[in-house]
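Chemist: The following comprises the amino acid sequence and a computationally predicted model.
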Amino acid sequence: MKIGLIGNIVVDEITMLDGSLTKSWGGAFYSIAIFEKLLKTNERLTPLTPVGYDVWDELQSDLKKFFKVETSALYQENDKNNRVYLKYLNSVEREERADDILPPIEIKKFESVLNSDALFFNFISGFEMTIDALQEVRKTFGGKMLMDFHSLSLGIDEKGYRYKKIPQNWKSWVACFDCVQMNQVEADLIIEYEDGISSHKELAEYLLSSGAEVVNITLGEDGSFLGYFEDEKIELRHMNSKKGIVAVDPIGCGDAYLAAFGLEYIRGSHPVAAAKNANKIAGLVSTLKGIEEIHSTDFSVHGDMISTIR
């Protein structure tokens, strides 16, 4: 099985909840590291994203540690790479400033991933592509398309600070996807924006009635809210998180949920089983600090036990 991943790889400078400062690869690099753990031996991930000239060589070198990742769709831009400065305010919300956002991916670049079985869109900057390009991909691509709403919920001011903002055409964006994921903050922002939607239940029902097969609203330590079809009827369920987890780092949890749920779903698992697995994997990632701990951790899941090797 072949998976295409669309989303900007960024250079992160992060102030954690305990005040500590870290610098590392971020954005779609988290997804890459998590997919590497979850993909089977015969499965491959191909990221599609522009990369700034200033980090091209370093990124290529660091990606060599991932044996299930093909880098043929990455391409170098003449501009500097995306940089993001994050300060976490609590386990969900954060202050964010972005510099050097790269241009959107041109539609012709998608030719390199159209032979994939599924495309995962993780909107890291929110400027990865235009709605016109996305709609063209949807017309052309015959496999499943999955998305994390993520930074589509953010505007940007003249100093680079991100602020909460739902695009007026948000319905056009989500209509392109078979599986739609967003976190509680993003879902609540849509509910506040749309007069006709007043709850997570109504939002999930709207998305499902508009073409999505599955909807996931992630709720942090409270698990997730799942919407799906069963016998042509909409089913809505609250999925509990794994008990006893002590979260130390919220970064990457949404990426983990999208990867874990999406892989199980396109492999043929029932949405409930896929969501249970996604909550376990996202819970595990919440106990890890940064890319290096993700890379050094065994994601093998045996029933309710997740074994880790540091």
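Modeler: That came through, no problem. Numbers count the residues shown, from 1 in each chain.
Chemist: Helices of the stretch 101-250 of the chain, residue ranges please.
Modeler: Using DSSP state H, counting those that start in this stretch, the helices of the stretch 101-250 of the chain run over 131-140, 170-174, 184-193, 200-209.
Chemist: Can you list the helices and strands that the second one packs against?
Modeler: This points to helix 170-174. helix 131-140 (3 or more CB pairs under 8 Å, 6 or more residues apart in numbering; DSSP states H and E). In short, each C-beta sits where N, CA and C put it, glycine included.
Chemist: Of all the residues in the helix it packs on, which ones are buried?
Modeler: Going by neighbour count (16 or more other CB atoms under 10 Å), the buried part of helix 131-140 is 133-135, 137.
Chemist: roughly how far is it from the heart of the chain?
Modeler: Here helix 131-140 is found 19 Å from its chain centre; the criterion is CA atoms, centre = their mean, to the nearest Å.
Chemist: where in the stretch 101-250 of the chain is pLDDT low?
Modeler: Along the stretch 101-250 of the chain, segments meeting pLDDT under 70 span 244.
Chemist: Strands of the stretch 51-200 of the chain, start to end?
Modeler: 75-77, 83-88, 94-99, 118-122, 144-148, 154-156, 162-164, 179-183 (DSSP state E, counting those that start in this stretch).
Chemist: Reformat these as JSON lines; add distance to Glu235.
Modeler: Compiled in JSON lines, the strands of the stretch 51-200 of the chain are given as follows (distance: least, CB to CB, whole Å):
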{"stretch": "strand 75-77", "distance to Glu235": "41"}
{"stretch": "strand 83-88", "distance to Glu235": "34"}
{"stretch": "strand 94-99", "distance to Glu235": "32"}
{"stretch": "strand 118-122", "distance to Glu235": "22"}
{"stretch": "strand 144-148", "distance to Glu235": "19"}
{"stretch": "strand 154-156", "distance to Glu235": "31"}
{"stretch": "strand 162-164", "distance to Glu235": "30"}
{"stretch": "strand 179-183", "distance to Glu235": "15"}
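Chemist: mind putting these in a markdown table, mean neighbour count and distance to Ile245 included?
Modeler: As requested, the strands of the stretch 51-200 of the chain are exported to a markdown table (neighbours: other CB atoms under 10 Å; distance: least, CB to CB, whole Å):
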| stretch | mean neighbour count | distance to Ile245 |
| --- | --- | --- |
| strand 75-77 | 15 | 38 |
| strand 83-88 | 19 | 18 |
| strand 94-99 | 17 | 20 |
| strand 118-122 | 26 | 23 |
| strand 144-148 | 24 | 21 |
| strand 154-156 | 17 | 27 |
| strand 162-164 | 15 | 27 |
| strand 179-183 | 26 | 17 |
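Chemist: between those, which one is nearest to Ile34?
Modeler: Nearest to Ile34 among those is strand 118-122 (10.5 Å), distances taken as CB to CB.
Chemist: check contacts around the spatially closest residue to Ile217 that is not a sequence neighbour.
Modeler: Excluding the flanking residues, the one nearest Ile217 by CB to CB, 6 or more residues apart in numbering is Phe225, at 4.2 Å. Phe225 makes contact with 200-201, 204, 215-217, 219, 236-239, according to CB atoms under 8 Å, 6 or more residues apart in numbering.
Chemist: where's Phe225 relative to Lys164, distance?
Modeler: To Lys164, Phe225 is 20 Å away according to CB to CB, to the nearest Å.
Chemist: Kindly report the same for Ala73.
Modeler: 31 Å.
Chemist: go on, Leu102?
Modeler: Using CB to CB, Leu102 is found at 23 Å from Lys164.
Chemist: and if you look at Glu194?
Modeler: 14 Å.
Chemist: Give me the neighbour count for the closest residue in space to Asp12 that isn't next to it in sequence.
Modeler: In this structure, Asp12 finds its nearest non-sequential neighbour in Gly26, 3.1 Å apart by CB to CB, 6+ apart. For Gly26, the count of nearby residues is 25 (other CB atoms under 10 Å).
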